[in-house]
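K.L.:
need coordinates for the below:
(2 chains)
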Amino acid sequence: MTRLRTLVAEILGVDPSIVTAETGPGTIPQWDSMAHMQLVAAIEESYGVQFTIEEIPTIMSIAELAALLEGKGVAIG
Amino acid sequence: MTPVDLTDIRREPTYTNHLRALARLKANGVLVPGVGRRVVVLSDMTVEPFADCLAVRSHLEGFPIDVAVCPPQEFASTVLDPAGVLYEPAPEVALILISPESLLGDLSQWGADGASHRDAVSQALQQFVQLLEALRARSQATLLVANFVSAAPAAMGLLDWQVPMGRQRALDELNHGLADWARRQSRVYVVDLAGLCAAAGHDAAFDRRMFQLARQPFSTSFLPRLAEDAFRYISAALRPPRKCLILDLDNTMWGGVLAEEGIGGLRLGTDPAGAPYREFQRVALSLHQRGILLAVCSRNDEAEALTVFREHPDMVLRPEHITTHRIGWVDKARSIVSIADELNLGLDAMVFLDDDSFERDNIRERLPEVLAPDLPKDAALYADFLRRLSAFDTLQITDEDLSRGRMYKERSSREALKASASSLEEYLTDLRMEVTIVAPVGPARQRLFQLVHKTNRFNLTTRRYTEAEFDGLIADPRSEVFGVHLRDRLGDSGIIGVVVLRVAGDIAEIETLLLSCRVLGRNIETAILSYAADRARERGAAVLQGRYARSAKNDMVADLYARHGFTRAGTDGDAELWRAVLATTDIHAPAWARVRAAAGEPAI
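P.N.:
Reported below is the predicted structural model:
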């Protein structure tokens, strides 16, 4: 999950050490609704996947994000 | 604040890399609100992701802009709210991106009813233009207005162009109407958003899902390219274009090394190996046609290289397109300085293209004002690279731009005449110059405004008026703005000078006096001062006051007023004041120059 956590930290502009599997919208102030859309777009671009319009608002944590990505055939270490 | 490494975006300009860079720029205190030139983006859609990419792009280009986004509400409410982001703090540029749906309603329901649609389009246009006019009256910003493009599919499908006013036709009419109106306004320019989206392909440019989720119409992968192109418009609105393109020859202008392969061995033509160079030359030729001077700087045998320009059947650029050249075995930095001197241009007006990274590094190191960008490794990408170079971008084109190449050639004939004349006086008399004073109306106004921003050397005060300030001076009865047009027996130099005269009580002050560097050394300034003195007398002034504000580039005019009999009268801030009492000072127009006001127009 390190690559995913690093990417999220880079985009939110926070230290990677504070981004854990439980981090999600609202758990850190930087992850607001605008950042949520940015993260979704960056993850889609970086992993070559597309989330559905139902999936995007339901992502509540890095762990859920990882699970969704695995469901789309992405190997998350 | 520490410098931020942006090489990842240069290598791979993805949206993700823009976001990474944005976070880094913010964390290092480089990208902070209030720093950079103020630009406001006004839209009825969510444009923050675009604005983020735009801010990053501006740092990548070394010209930071401070991008603010108006809240996404109705266009009218934003324009009419005096306390909004649109006006406070005052922006230099307002970029307006309005969806066609906000004017025409839901375009996916656009049907076959030609007559009512035609009315709807003309009403929408009228309403939009009225709001832009209201905005223009309330703000001094330059308005960059995106034309209309819709992400919505055509409701009529194949019938869209079979019916009298299909959806695309409606958008086209709106765009034509907008462009026709904007062309008649000062400081309003159209951003060809429709063209940019078409170049990317609508399927790639738009993302319906993002629109449904967040009212963000563009696909995120398109945002970096959109930001790159939008930045070109903003940059063109805020800074003067460079004026001269200096080209290397071997492996830049053509493929191969002339000294080794000879004229017959060069890669240049319509075959795959030669086509990239021909296409590159075509782009350079189109720059020449809009007034960018082309020069050559190459390590080669001069006679042999010039033969290629004259005789190679596949050359696009011919001797008449090259204003000057330095071909030989001398250091390129010295050659570039000498080209700049010959053309009377600053080094900051130069762009140097060379495939050799050693030469580019040499120039960057020794002449940092010259732009010496990296050429792509693959010659097939040269043409597109030159097309996308923002350094020559401008939003206004004048008659002078269109014929600049020709005028420089005429200047060479003048130099020849000068060499054959026995004295400067004889030469100037022989030129039979006609100096015509022109009023700041129509295309002349545009040219005067352009000169105010690009003239550095013969410029007494280097006052860079905003377009609104300049229009204000023209309208103000206490000031007189006029242009100076020059023609001689060898050709027409166009409008080459600007004067702004302000009259207060019995003092008429020359707030601005500038001359294009093309025409220096011909004492036109004396003719202009003489005319300014006449105007001052007619306005009832007793004193003509000149001003000299030293800049890094205008040393050549430091003694202008002294030379014309003015006496030093103290300072005002950084500027020296010079005065001539009109009753006792006579500034004679030189005998060789006929000064007259343009026929049919009032003098001012």
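
K.L.:
okay, CA-based contacts and neighbour counts for the rest of this
P.N.:
Fine.

K.L.:
quick check: next helix or strand after the longest helix belonging to chain A?
P.N.:
Assignment by DSSP state H gives helix A:33-47 as the longest helix of chain A. Elements were assigned by DSSP states H and E; along the chain past helix A:33-47, the next helix or strand is helix A:55-58.

K.L.:
quick one, what contacts A:Ile59?
P.N.:
By C-alpha atoms under 8 Å, 6 or more residues apart in numbering or on different chains, the residues touching A:Ile59 are A:24, A:65.

K.L.:
can you rerun that using 7 Å?
P.N.:
Going by C-alpha atoms under 7 Å, 6 or more residues apart in numbering or on different chains, A:Ile59 touches A:Leu65.

K.L.:
B:Thr567 too?
P.N.:
Neighbour list for B:Thr567: B:578-580 [criterion: C-alpha under 7 Å, 6+ apart].

K.L.:
three-state assignment of B:Arg547?
P.N.:
Of the three states, B:Arg547 takes strand under DSSP: H, G, I helix; E, B strand; the rest coil.

K.L.:
touching, it and B:Leu577? I think so.
P.N.:
Yes - the criterion here is C-alpha atoms under 7 Å, and B:Arg547 meets it with B:Leu577 at 4.8 Å.

K.L.:
what about the two, which has more around it?
P.N.:
For B:Arg547 versus B:Leu577, neighbours defined as other C-alpha atoms under 10 Å in any protein chain shown are more numerous around B:Arg547 (24 against 20).

K.L.:
distance of that one from B:Leu560?
P.N.:
10 Å (C-alpha to C-alpha, to the nearest Å).

K.L.:
between those two, what contacts are shared?
P.N.:
Counting by C-alpha under 7 Å, 6+ apart, B:Arg547 and B:Leu560 have no common neighbour.

K.L.:
residues in contact with B:Arg209?
P.N.:
Residues near B:Arg209 by C-alpha under 7 Å, 6+ apart: A:Ile53.

K.L.:
element containing it?
P.N.:
Assigned by DSSP H and E, B:Arg209 falls in helix B:208-214.

K.L.:
which residues are contacting the following helix or strand past that helix?
P.N.:
Using DSSP H and E, the next helix or strand after helix B:208-214 towards the C-terminus is helix B:223-238. By C-alpha under 7 Å, 6+ apart, the residues outside helix B:223-238 that reach it are B:13-15, B:50, B:53-54, B:57-58, B:390, B:393-395.

K.L.:
could you list the buried residues of stretch B:238-252?
P.N.:
Residues B:238, B:240-252 are the ones in stretch B:238-252 that count as buried (16 or more other C-alpha atoms under 10 Å in any protein chain shown).

K.L.:
who does B:Val543 form a beta bridge with?
P.N.:
B:Ile507, B:Val581 (DSSP bridges).

K.L.:
burial check on the nearest residue to B:Leu213 once chain neighbours are set aside, number of neighbours?
P.N.:
Using C-alpha to C-alpha, 6 or more residues apart in numbering or on different chains and skipping the chain neighbours, the partner closest in space to B:Leu213 is A:Ile53 (7.1 Å). Using other C-alpha under 10 Å, A:Ile53 is surrounded by 12 other residues.

K.L.:
what's the helix or strand for B:Gln145?
P.N.:
You called it Gln, but residue B:145 is Val. strand B:142-146.

K.L.:
returning to that earlier point: now, the most widely separated pair of the buried residues of stretch B:238-252?
P.N.:
By the measure C-alpha to C-alpha, B:Leu238 and B:Asp250 form the most distant pair in the buried residues of stretch B:238-252, at 35.0 Å.

K.L.:
list the residues that contact B:Cys53.
P.N.:
B:18, B:223-224, B:227.

K.L.:
mind redoing it with 6 Å?
P.N.:
B:Cys53 makes contacts with B:224, B:227, as judged by C-alpha atoms under 6 Å, 6 or more residues apart in numbering or on different chains.

K.L.:
pLDDT of the helix or strand containing it, averaged?
P.N.:
Secondary-structure element containing B:Cys53, defined by DSSP H and E: helix B:48-60. Across helix B:48-60, pLDDT averages out at 95.

K.L.:
restrict the next helix-or-strand element following that helix to CA atoms and write it as CSV.
P.N.:
Sequence order places strand B:65-69 as the next helix or strand after helix B:48-60, per DSSP H and E. C-alpha atoms of strand B:65-69 as CSV (Å, rounded to 0.1, in the frame of the first residue of the first chain):
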residue,chain,number,x,y,z
ILE,B,65,0.5,34.3,-11.9
ASP,B,66,-1.8,34.5,-8.9
VAL,B,67,-4.9,32.7,-10.0
ALA,B,68,-8.2,33.3,-8.2
VAL,B,69,-11.5,31.7,-9.1
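
K.L.:
roughly how far out does strand B:65-69 sit from the chain middle?
P.N.:
Here strand B:65-69 is found 21 Å from its chain centre; the criterion is C-alpha atoms, centre = their mean, to the nearest Å.

K.L.:
nearest residue to the middle of chain B?
P.N.:
Centroid check for chain B by C-alpha atoms, centre = their mean gives B:Thr394 as the closest residue, at 2.6 Å.

K.L.:
quick check: the gap between the closest residue in space to it that isn't next to it in sequence and B:Ala90.
P.N.:
Counting by C-alpha to C-alpha, 6+ apart, B:Thr394 lies nearest to B:Ala236, which is 4.9 Å off, once chain neighbours are set aside. Distance, B:Ala236 to B:Ala90, using C-alpha to C-alpha: 19 Å.

K.L.:
relative to helix A:33-47, how tilted is the helix or strand hosting A:Leu7?
P.N.:
If you go by DSSP H and E, A:Leu7 is part of helix A:2-12. Interaxial angle, helix A:2-12 versus helix A:33-47 (axes from the mean of the first three to the mean of the last three C-alpha atoms, to 10 degrees): 140 degrees.

K.L.:
could you tell me the per-residue confidence at B:Asp355?
P.N.:
95.

K.L.:
do A:Ser46 as well
P.N.:
pLDDT, A:Ser46: 93.

K.L.:
tell me the contacts of it?
P.N.:
Counting by C-alpha under 6 Å, 6+ apart, A:Ser46 has no contacts.

K.L.:
how about B:Phe206?
P.N.:
Going by C-alpha under 6 Å, 6+ apart, B:Phe206 touches B:217-219.

K.L.:
including distance to chain A, neighbour count and pLDDT, could those go into a markdown table?
P.N.:
Shown next, in a markdown table, are those (distance: C-alpha to the nearest C-alpha, whole Å; neighbours: other C-alpha atoms under 10 Å in any protein chain shown; pLDDT from 0 to 100):
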| residue | distance to chain A | neighbour count | pLDDT |
| --- | --- | --- | --- |
| B:Pro217 | 13 | 22 | 92 |
| B:Phe218 | 12 | 25 | 95 |
| B:Ser219 | 9 | 19 | 94 |
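
K.L.:
next, count neighbours for B:Asp572.
P.N.:
B:Asp572: 11 neighbours (other C-alpha under 10 Å).

K.L.:
could you measure from it over to chain A?
P.N.:
Here the criterion is C-alpha to the nearest C-alpha, to the nearest Å. By it, B:Asp572 lies 49 Å from chain A.

K.L.:
do the same with B:Ala152
P.N.:
Distance of B:Ala152 to chain A, given as C-alpha to the nearest C-alpha: 18 Å.

K.L.:
how many neighbouring residues does that residue have?
P.N.:
Neighbours of B:Ala152 (other C-alpha under 10 Å): 17.
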